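Peer 1: mind looking at a prediction? Sequence and model below.
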Amino acid sequence: MRRHQTCVGLAVATSKLVSVEGPRWEEDGHGLAVHVVRRLTYRAAQLLALLLSVATLLFILVRLSASPAALLAGAGASQAQVQAARAAYGLDGPMLPQYITFMVRAFRLDFGQSPAHQTTALELVRLRLPATLLLTAAALAATAVVAVSLGVWLGLRAERPEHGWAFRLLLTGQSLPALVIGLVLVQASGLTPSAGAGSPLSFVLSALTLTWWLAPRLARLTAGAVAGAARQAWVLTARAMGATSRDLVWGHVLPNSLLAAFAMVGVQVAFLLSATVVVEWLFGWPGVGDLLAGSVRAGDFPVVEAAIFAMAFLVFATYATVDLVLAAVDPRHRGRPTPR
Amino acid sequence: MTGPMLAEDMGLSRRLLPPPAIPIPGLLIGGAVGLLAVAVLGLVAAGLAHEHAAPAQRLLAPGTLGHPLGTDQLGRDVLARTLGGFRWSLAVVLPATVIAGLLGTGLGLATATNWGWTRAILERATETAAGFPFLVLAAPVIAVAGRGYWPLLIVLAILSSAPFALAVFEATWGGRGQVPLAPAFCGASAALPVVGAFMVADLVVTEACLSFLGVGAPETAPSWGNMLADARQNVTVAPWILYTPATAILLTVLSANWFGEGLGQLQRSRLR
């Protein structure tokens, strides 16, 4: 018995070394703290660069429009509000000071007033944020349960005939756009565009639709990771040393492959936030996505800018969280300043 | 669909081992037949059908004489409009994919060949861009630029070039420093059709989403997204407006996904 455990322990040690793909893990002597600081700095720099480019893009687009002052003041602004925006952004002056004013305001998160809602754009987004967080968390939790169980089931059967059919079914599910699923749900539940906004029914249906949007992709990723881990040489080694299939799957294959799948959660959340724009709008769930869709349609520029910034913060907060969890759980991720 | 699509998603990554050793039969051929059907529907059938508004014939149920699949709230024939949607989707999505492929290949090769500092900057820039929610940026940009064919095409092409760049970079650069340009391109070219097929599926859905939100195709264009928006307005009285374009989207996206997956599996099975 004792001998068996030693053997499995050896196999675990081997697995830690062999199952890494790409550049091998190099211990660089720094501790967890140094790694965390470096990685957070990298994510902050990424966010800063992204916000700089997005704000510059918006600045150029605003320049190209017929009346920048009217656009910046937001749709439905009064004459006085348009004048105020013209003065605040220095729209009568030369281009460079205008650009600097625009960027400084954006980075002070001073997006101005929304004429349609009579409050500052930032306040509006802040009020809508909890609803989006709740919805994304629910959708992510549901996706994790569905996708991981499905992916593990598929991945462990990579060489069996039923895998082909399950895989085709999964691909079909992925090809049925969540927008269509959402509309079918709207029809089945009789949820009309105006009624039911913010109700429990719209929450459940939104979460369900978002899960449909995300789960097939994550299931395929998990299946690939599990199938890949199950084919590694250390699985054969551990088997030869007498480890049972159950030990292998639960003790070694799953931890290794689920970490690989977890590393991609950040990208999946970015993808999910795209989906919230459509799904919240479809079901009338009062989150940031619904606000963005409505403001885009109404031309409420201050709110649109604030919502884009909020989404960017959300995405990069998720990336940073995933980085931290990975660094804490898996020492192989330490010592690399960037995710690659 | 409407999101960053990375090499991992398409099974192209070296970090995850290639999944099934034996390609699942039928995916490639089924996808190719489906895509052929979509092309015929878009190029031939769409030219035979003419949709025009006829307020007297609004919201007719399927099976009505002359309107086998019913009419919408303006009296337009749903079948004719859906067929027109094939042509519209092909006209937007195919050029957008080709432009994105060219842009992305250039970017990816520039990243991989590593002229001095280019790799450090381009790799991080592509990664940052690919990791940002696509619709969140595309919708406002088109809204400010004005909805229409050209804004839609240009925004889709530029924003979807990052996955191509990542795939080309992933396929050419294996962590070995500098790569000569010509062999790098040969190595990358195999990955491009796979990414392209998935991108077509992705962009069909993205176009539908943008048009559904009212910031994509012009209001009168026969976009499936516009039809879905109409369906939402009339969901309780005229469910048939939903099902015809939904089937068309499913056919197109399914064919492209099967084709891409089949091609990818074939390539990976040859690699082994």
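Peer 2: That came through, no problem. All of these numbers come straight from a predicted model, not from anything done at the bench.
Peer 1: show me the shaky parts of the stretch 201-340 of chain A.
Peer 2: Filtered on pLDDT under 70, the stretch 201-340 of chain A yields the residue ranges A:333-340.
Peer 1: 90 instead?
Peer 2: A:201-202, A:213-214, A:216-271, A:274, A:282-285, A:296-302, A:319-340 (pLDDT under 90).
Peer 1: all helices in it, in order from the N-terminus.
Peer 2: According to DSSP state H, counting those that start in this stretch, the stretch 201-340 of chain A carries its helices in the segments A:233-240, A:245-247, A:254-262, A:265-283, A:288-298, A:301-329.
Peer 1: report the central residue of chain A.
Peer 2: Nearest to the mean C-alpha position of chain A, counting by C-alpha atoms, centre = their mean, stands A:Val269 at 1.5 Å.
Peer 1: you'd agree that one is up against A:Thr143?
Peer 2: No. Taking C-beta atoms under 8 Å as the definition, A:Val269 is not a contact partner of A:Thr143, at 10.3 Å. Backbone N, C-alpha and C define where each C-beta goes, glycine included.
Peer 1: which residues are in contact with both of those two?
Peer 2: Both A:Val269 and A:Thr143 lack any common contact, where contact means C-beta atoms under 8 Å, 6 or more residues apart in numbering or on different chains.
Peer 1: so which of the helices of the stretch 201-340 of chain A is nearest chain B?
Peer 2: helix A:265-283 (3.2 Å; C-beta to the nearest C-beta).
Peer 1: contact partners for the residue nearest to A:Gly112 when sequence neighbours are not counted?
Peer 2: With C-beta to C-beta, 6 or more residues apart in numbering or on different chains as the criterion, A:Gly112 has its nearest non-adjacent residue at 4.2 Å, and that residue is A:Pro302. Neighbouring residues of A:Pro302 by C-beta under 8 Å, 6+ apart: A:72-74, A:111-114, A:120-121.
Peer 1: pull the longest helix from the chain.
Peer 2: As the question left the chain open, I've gone with chain A. helix A:121-155 (DSSP state H).
Peer 1: that answer is for a different chain, and I need it for chain B
Peer 2: Longest helix in chain B by number of residues (criterion: DSSP H): helix B:78-113.
Peer 1: re the thing from before, ok, the residue nearest to A:Gly112 to B:Ala54 distance?
Peer 2: In this view, A:Pro302 and B:Ala54 are 42 Å apart by C-beta to C-beta, to the nearest Å.
Peer 1: quick one, what contacts B:Ile142?
Peer 2: The contact partners of B:Ile142, by C-beta under 8 Å, 6+ apart, come to B:151-152, B:155, B:210, B:215-216.
Peer 1: what helix or strand does it sit in?
Peer 2: Assessed by DSSP states H and E, B:Ile142 sits inside helix B:134-145.
Peer 1: if I pick A:Glu61, what's in contact with it?
Peer 2: One thing to correct before we go on: residue A:61 is Leu, not Glu. Counting by C-beta under 8 Å, 6+ apart, A:Leu61 touches B:141, B:144-145.
Peer 1: dump the residues you listed into JSON lines; add distance to B:Val168 as well.
Peer 2: Converted to JSON lines, those look like this (distance: C-beta to C-beta, whole Å):
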{"residue": "B:Val141", "distance to B:Val168": "25"}
{"residue": "B:Val144", "distance to B:Val168": "31"}
{"residue": "B:Ala145", "distance to B:Val168": "28"}
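Peer 1: which one (most neighbours) among those residues?
Peer 2: With neighbours defined as other C-beta atoms under 10 Å in any protein chain shown, the most crowded of the contacts of A:Leu61 is B:Val144; it has 21 neighbours.
Peer 1: leaving aside the residues adjacent along the chain, what's closest to it?
Peer 2: Leaving aside its chain neighbours, B:Val144 sits nearest to A:Leu61 (4.4 Å; criterion: C-beta to C-beta, 6+ apart).
Peer 1: per-residue confidence for that neighbour?
Peer 2: pLDDT, A:Leu61: 85.
Peer 1: any idea how far B:Gly148 is from it?
Peer 2: Using C-beta to C-beta, A:Leu61 is found at 15 Å from B:Gly148.
Peer 1: same thing with A:Thr237?
Peer 2: In this view, A:Thr237 and B:Gly148 are 61 Å apart by C-beta to C-beta.
Peer 1: neighbour-wise, which of those two wins?
Peer 2: Neighbour tally, A:Thr237 and B:Gly148, criterion other C-beta under 10 Å: the higher count belongs to A:Thr237, 16 against 13.
Peer 1: off-centre distance for the strand or helix carrying B:Val204?
Peer 2: Under the criterion of DSSP H and E, B:Val204 resides in helix B:191-213. Put simply, helix B:191-213 sits 1 Å off its chain's centre (C-alpha atoms, centre = their mean, to the nearest Å).
Peer 1: beyond it, next helix or strand please.
Peer 2: On the C-terminal side of helix B:191-213, the nearest following helix or strand under DSSP H and E is helix B:224-233.
Peer 1: what's A:Asp110 sitting at in phi/psi?
Peer 2: Dihedral pair for A:Asp110: phi -100, psi 90, per degrees, to the nearest 10.
Peer 1: now the stretch 101-250 of chain A against chain B: closest residue?
Peer 2: Chain B sits closest to A:Gly228 of the stretch 101-250 of chain A, with a gap of 3.3 Å, by C-beta to the nearest C-beta.
Peer 1: what about that residue, neighbour count?
Peer 2: There are 23 residues near A:Gly228, going by other C-beta under 10 Å.
Peer 1: swap in B:Phe169?
Peer 2: 26.
Peer 1: quick one: it and B:Ala112 touch, right?
Peer 2: Yes. If you go by C-beta under 8 Å, B:Phe169 and B:Ala112 touch, sitting 5.3 Å apart.
Peer 1: which residues of the stretch 51-200 of chain A fall in strands?
Peer 2: Ranges of strands within the stretch 51-200 of chain A are A:113-114, A:119-120, based on DSSP state E, counting those that start in this stretch.
Peer 1: B:Gly26 is nearest to which of the ones you listed?
Peer 2: The closest of the strands of the stretch 51-200 of chain A to B:Gly26 is strand A:113-114. By C-beta to C-beta, the value is 53.0 Å.
Peer 1: picking up where we left off before, most packed of the strands of the stretch 51-200 of chain A?
Peer 2: Across the strands of the stretch 51-200 of chain A, averaging neighbours per residue (mean count of other C-beta atoms under 10 Å in any protein chain shown) puts strand A:113-114 on top, at a mean of 24.
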